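Q: could you look at this predicted model? Sequence included:
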Amino acid sequence: MNRTRLRNRDLTMQFVDETSFYNRIVLGHLLPANLWDPLPHFIQTWLRNYLAGTLLYFTSGFLWCFYIYYLKHNVYIPKDAIPTRKAMVLQIYASTKAMPWYSLLPTVSEYMIEKGWTRCFSRADEHGWAMYSLYISIYFVLVEFGVYWMHRELHDIKPLYKCLHSTHHLYNKQNSISPFAGFALHPLDGILQAVPHVVALFIVPTHFTSHLVLFFMDGMWTTNIHDCIHGDVWPIMGAGYHTIHHTTYRHNYGHYTIWMDWMFGSLRDPIEEEEEGDDGSKKRK
Ligand SMILES: [Zn+2]
Ligand SMILES: [Zn+2]
């Protein structure tokens, strides 16, 4: 009993050391020490997640928009499909408003990890590299499954759609979707769609830093799938698929891969869509 308690205390200390280290790196580079150092640990962690999320959103959004709409003008996207500045400003406004709330999720998740309530472990080599890879693969499948069903239910349960998810579907044409739409959701919608990352921690032993990296990578991915450029790399569910989701409302709920939509019968392929469009004989389902 004592040994278990001691082990839990060591684990807690390891995680607190780690989160404090990340707080120092991000906050120490962005803010004067007297502004963040006196704050309680939980608030420091929230502030770090908030600043890191905001930085990620604006950096990836602006760089990507500059590249596809300016540097590669008319290469990837036809001129009449480039979103208006007004649409992008509205998406930035919705995202900025929701960001403080989104940041609560990783903060609460880190709190639970520090308390030793999850199955997180601290050192990547703790279980050996083979087990590490297996655990990360299971984590990935759980997130794919969770995001798919969370997103699908946000459509199928009508009050949820009306009160939460419809905010994101204000953008329903190619020329109204931009990389900035990725975070333009009702705050609770954004949190619910990211919850599978936290639930997975209670099911599968997960390396803490890998979880954080995967969580923030999700943010980058969300930006990417709203650029309307179809990459056509199997089995990736890229922007071509997500554009269809925004126009039909009942296909392609998935996240990184097409597998969940394929398994649960909601997949719609962008190539097939184009062929049907050219042919003109078949109508969209
Ligand atoms: Zn949707
Ligand atoms: Zn979307």
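A: Now that the structure is in, tell me what you want to look at. Residues are numbered from 1 along each chain as shown. Ligands and ions are numbered 1, 2, ... in the order given.

Q: which of the three states applies to Gly116?
A: coil (DSSP: H, G, I helix; E, B strand; the rest coil).

Q: OK, contacts around it?
A: Asn8, Leu11, Thr12, Phe15 (Cβ atoms under 8 Å, 6 or more residues apart in numbering). Every residue, glycine included, has its C-beta placed from N, CA and C.

Q: tell me the pLDDT of the third one.
A: Reading off the confidence values, Thr12 has pLDDT 86.

Q: which ones among the contacts of Gly116 map onto helices?
A: Judged by DSSP state H, those include Asn8, Leu11, Thr12, Phe15 as members of helices.

Q: list only buried entries from the contacts of Gly116.
A: Leu11, Phe15 (16 or more other Cβ atoms under 10 Å).

Q: would you check which pair of the contacts of Gly116 lies furthest apart?
A: Longest distance between any two of the contacts of Gly116 is 10.7 Å, between Asn8 and Phe15; criterion Cβ to Cβ.

Q: how far is stretch 9-19 from where the chain is centred?
A: Distance of stretch 9-19 from the chain centroid (Cα atoms, centre = their mean, to the nearest Å) equals 26 Å.

Q: got the buried residues for it?
A: Leu11, Phe15, Val16, Glu18, Thr19.

Q: lowest pLDDT pick from those?
A: Lowest pLDDT among the buried residues of stretch 9-19: Leu11, 82.

Q: so for that one, what's the nearest residue that isn't a sequence neighbour?
A: Excluding its sequence neighbours, the residue lying closest to Leu11 (Cβ to Cβ, 6 or more residues apart in numbering) is Gly116, at 5.4 Å.

Q: for the one you found, give me phi and psi.
A: The phi/psi pair for Gly116 (degrees, to the nearest 10) reads phi 80, psi 20.

Q: so who does Thr96 touch?
A: Taking Cβ under 8 Å, 6+ apart as the contact definition, Thr96 lies against Thr54.

Q: cutoff 10 Å now
A: Contact analysis of Thr96 by Cβ atoms under 10 Å, 6 or more residues apart in numbering lists Thr54, Tyr57, Phe58, Phe180, Phe183, Ala184.

Q: tell me, please, the helix or strand in the chain that averages the lowest pLDDT.
A: Taking mean pLDDT, DSSP states H and E as the measure, the chain has helix 270-279 as its least confident helix or strand, at a mean of 66.

Q: the helices in the stretch 151-285 of the chain, which residues?
A: Per DSSP state H, counting those that start in this stretch, the stretch 151-285 of the chain carries helices over the ranges 158-163, 187-203, 208-224, 239-248, 259-263, 270-279.

Q: report the contact partners of the residue nearest the centre of the chain.
A: The C-alpha lying nearest the average C-alpha coordinate of the chain belongs to Asp218 (Cα atoms, centre = their mean; 3.3 Å). By Cβ under 10 Å, 6+ apart, the contact list for Asp218 reads Val143, Val147, Gly182, Gln193, Ala194, Pro196, His197, His255, Tyr256.

Q: no more questions from me, cheers.
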